[in-house]
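Visitor: My questions concern the predicted model and sequence given below.
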Amino acid sequence: MVNTKRVLLIAYACEPDKTSEPGVGWNMGNHISKAYDTIILTRANNRAVIESKQAGNVEFIYYDLPSFFTSLKKRLPLGTQIYYALWQWGAYFYVNKFMKSYSRPIDLVHHLNFAISWIAPPGYLLKQPFVWGPIGGGDTVPMRFLKNMGFGAVLQELIYTTVNQINRISIFSFFTRKKADAILFRTQSSARTFPKRKSTIYETISETAMPAFSFKNHPKKNHSKNIKAICVGRMNYWKGFLYAVKGFHRFLEAGGSGTLELFGDGKEMSSIEKYINKNKLENSIFVRGFVDNAKIKMKMVESDVLIHPSFREGGSWSIMEAMSYGLPIICLDTSGPKDMVTENCGLLIDLKSSKMICEQIGDGLMELSHNEKKYLDLSTNAQKRIMTEYTWVRRKEQICHIYEDVLNKTKA
């Protein structure tokens, strides 16, 4: 039954049949519309694909900056972030104008996706109750690991950290935090670093989810001593691909048997390939480059383990999809992966030193190859966790509970 209350979602990215941010906008919006009368504001360039597949109790409205800004987005460093920050301002003025002419009242505004802690939306321009998030940002790569990743990584992380710190004293961020009736976080680590106010509701809710029907027919895993491991994502320094390679190398040196396939591309690819060639691992570790999501899912059916040594990120789509296929996860005990992977469905690696990360990845692979019961238990529990905590139905329940709390609070 649809609530008589009306919510407006601001979803910069919103497209059907997509993962990541566009999938969050589309799926979250359509599921929320089953409980609330829903309007979604998104970019005008999403219009054609949305209207070709629009369904549910959702009204879409569209806004984009003039084409001049789109060209700058492609040319400037951090062009996407600059464009998004400008788009927010234009979108909020557009929303104000829209609500003045709209025939029915808007009861709540929710800035849903592309929510980054250091690019605060101007929610204080609105009179309606305001929800922000789930937001990400704030996690950093510890210096003891960063110093081994090269000058470029140190510089980039310094800029990232500085921008996050500036956000704490930004007058725009201050007013948005003051205005927000609820702020949602993607990870518990992001929540811990964020300035708090007593009158605001704070919750940690992952933005990552999938349709419940999509994994009902995923086959159960069988144990094998010949481990087929995969690593999926962008090959950037904070994703830790080289740790996966070195950890798998240790597994092979200790007598383990199997293959590791790396899917993705990025600046770290050349150094990874050099390590593989230097250590004559070409017959065991394979760099596949970027492939589409359908092929990744096919590979997950064939694989045994996902290695995901990322130092910082929100909800990981590759972890979620791998767990839905019953792959135990080997990941670092930090950031978003720490929230997703419990000791019942994977192996969490301590961040003590670079050497120990590689050792623990190798030892973990060896344990999974020899301990059939543990492997099968982790596999079964991984699927169960996704089925109970990482569906869009579950996200709708969590978000709608926040809406109820906000509306009750503002009514009081």
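Guide: Received the coordinates, thanks.

Visitor: Which other helices and strands does the longest helix along the chain contact?
Guide: Assignment by DSSP state H gives helix 79-101 as the longest helix of the chain. The helices and strands touching helix 79-101, judged by 3 or more C-beta pairs under 8 Å, 6 or more residues apart in numbering; DSSP states H and E, are strand 3-10, strand 36-43, strand 58-63, helix 67-75. C-beta here means a position set from N, CA and C on the backbone, and glycine is covered the same way.

Visitor: if we go to 6 Å?
Guide: In terms of contact count using 3 or more C-beta pairs under 6 Å, 6 or more residues apart in numbering; DSSP states H and E, helix 79-101 is assigned the packing partners helix 67-75.

Visitor: what's the angle between the helix it packs on and helix 79-101?
Guide: In terms of direction (axes from the mean of the first three to the mean of the last three C-alpha atoms, to 10 degrees), helix 67-75 departs from helix 79-101 by 150 degrees.

Visitor: just to revisit the earlier point, tell me what the helix or strand just after the longest helix of the chain is packed against?
Guide: Beyond helix 79-101 on the C-terminal side, the first helix or strand identified by DSSP states H and E is strand 108-111. Secondary-structure packing of strand 108-111 (3+ C-beta pairs under 6 Å, 6+ apart): strand 3-10, strand 130-135.

Visitor: Off-centre distance for the longest helix of the chain?
Guide: The chain centroid and the centroid of helix 79-101 are separated by 23 Å under C-alpha atoms, centre = their mean, to the nearest Å.

Visitor: What of stretch 198-212?
Guide: Counting by C-alpha atoms, centre = their mean, stretch 198-212 is centred 12 Å from the centre of its parent chain.

Visitor: Can you list the buried residues in it?
Guide: Along stretch 198-212, the positions that meet the burial threshold by neighbour count (16 or more other C-beta atoms under 10 Å) are 200, 203-210.

Visitor: Span of that stretch from start to end?
Guide: Taking C-alpha to C-alpha, to the nearest Å, the span from the opening residue of stretch 198-212 to its closing residue is 36 Å.

Visitor: going forward, begin numbering at 20 instead of 1
Guide: I'll keep to 20 as the first residue from here, and by that count the last item is stretch 217-231.

Visitor: which residues touch that stretch?
Guide: Surrounding stretch 217-231, the residues in contact under the criterion C-beta atoms under 6 Å, 6 or more residues apart in numbering are 43, 153, 199, 201-205, 207, 210, 334, 339, 409-411, 414, 417, 424.

Visitor: that's a strand at residue 203, yeah?
Guide: Yes - Residue 203: assigned to a strand according to DSSP: H, G, I helix; E, B strand; the rest coil.

Visitor: close enough to count as contact, it and residue 149?
Guide: No - the pair formed by residue 203 and residue 149 falls short of the contact definition of C-beta atoms under 6 Å, at 11.7 Å.

Visitor: Of those two, give the one with the bigger neighbour count.
Guide: Between residue 203 and residue 149, counted using other C-beta atoms under 10 Å, the more crowded position is residue 203 (26 against 22).

Visitor: which one is the more buried one nearest to, not counting chain neighbours?
Guide: When the adjacent residues along the chain are set aside, residue 203 lies closest to residue 152, with 3.3 Å between them (C-beta to C-beta, 6 or more residues apart in numbering).

Visitor: Pick the most deeply packed of the helices and strands packed on strand 127-130.
Guide: When the helices and strands packed on strand 127-130 are scored by mean count of other C-beta atoms under 10 Å, the highest mean neighbour count falls to strand 149-154 (a mean of 26).

Visitor: Which strands or helices does that strand pack on?
Guide: Counting contacts by 3+ C-beta pairs under 6 Å, 6+ apart, strand 149-154 packs against strand 127-130, strand 201-204.

Visitor: To what extent is the residue lying closest to residue 62 once chain neighbours are set aside buried, counted in neighbours?
Guide: Using C-beta to C-beta, 6+ apart and skipping residues adjacent in sequence, the residue nearest residue 62 is residue 83, 5.4 Å away. Number of residues near residue 83 (other C-beta under 10 Å) recorded here: 18.

Visitor: Could you measure from the residue nearest to residue 207 when sequence neighbours are not counted over to residue 334?
Guide: The shortest distance from residue 207 to any residue that is not its chain neighbour, by C-beta to C-beta, 6+ apart, is 5.2 Å, and that residue is residue 223. Separation of residue 223 from residue 334 (C-beta to C-beta, to the nearest Å) stands at 11 Å.

Visitor: circling back to that earlier point, send over the longest helix of the chain as PDB, restricted to the C-alpha atoms.
Guide: What follows is the C-alpha trace of helix 98-120 in PDB, where atoms were taken according to Å, rounded to 0.1, in the frame of the first residue of the first chain:
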ATOM      1  CA  GLY A  98      35.800  17.300 -14.000                       C
ATOM      2  CA  THR A  99      33.100  14.900 -12.900                       C
ATOM      3  CA  GLN A 100      33.300  16.100  -9.300                       C
ATOM      4  CA  ILE A 101      33.200  19.800 -10.400                       C
ATOM      5  CA  TYR A 102      30.300  19.200 -12.700                       C
ATOM      6  CA  TYR A 103      28.400  17.300 -10.000                       C
ATOM      7  CA  ALA A 104      29.000  20.100  -7.500                       C
ATOM      8  CA  LEU A 105      27.600  22.700  -9.900                       C
ATOM      9  CA  TRP A 106      24.800  20.400 -11.000                       C
ATOM     10  CA  GLN A 107      23.700  20.200  -7.300                       C
ATOM     11  CA  TRP A 108      23.300  23.900  -7.000                       C
ATOM     12  CA  GLY A 109      21.300  24.200 -10.300                       C
ATOM     13  CA  ALA A 110      19.200  21.200  -9.300                       C
ATOM     14  CA  TYR A 111      18.300  22.600  -5.900                       C
ATOM     15  CA  PHE A 112      17.200  25.900  -7.400                       C
ATOM     16  CA  TYR A 113      15.200  24.000 -10.000                       C
ATOM     17  CA  VAL A 114      13.600  21.900  -7.200                       C
ATOM     18  CA  ASN A 115      12.600  25.100  -5.300                       C
ATOM     19  CA  LYS A 116      11.000  26.500  -8.400                       C
ATOM     20  CA  PHE A 117       9.300  23.100  -9.200                       C
ATOM     21  CA  MET A 118       7.800  22.800  -5.700                       C
ATOM     22  CA  LYS A 119       6.300  26.300  -5.900                       C
ATOM     23  CA  SER A 120       4.400  25.400  -9.000                       C
END
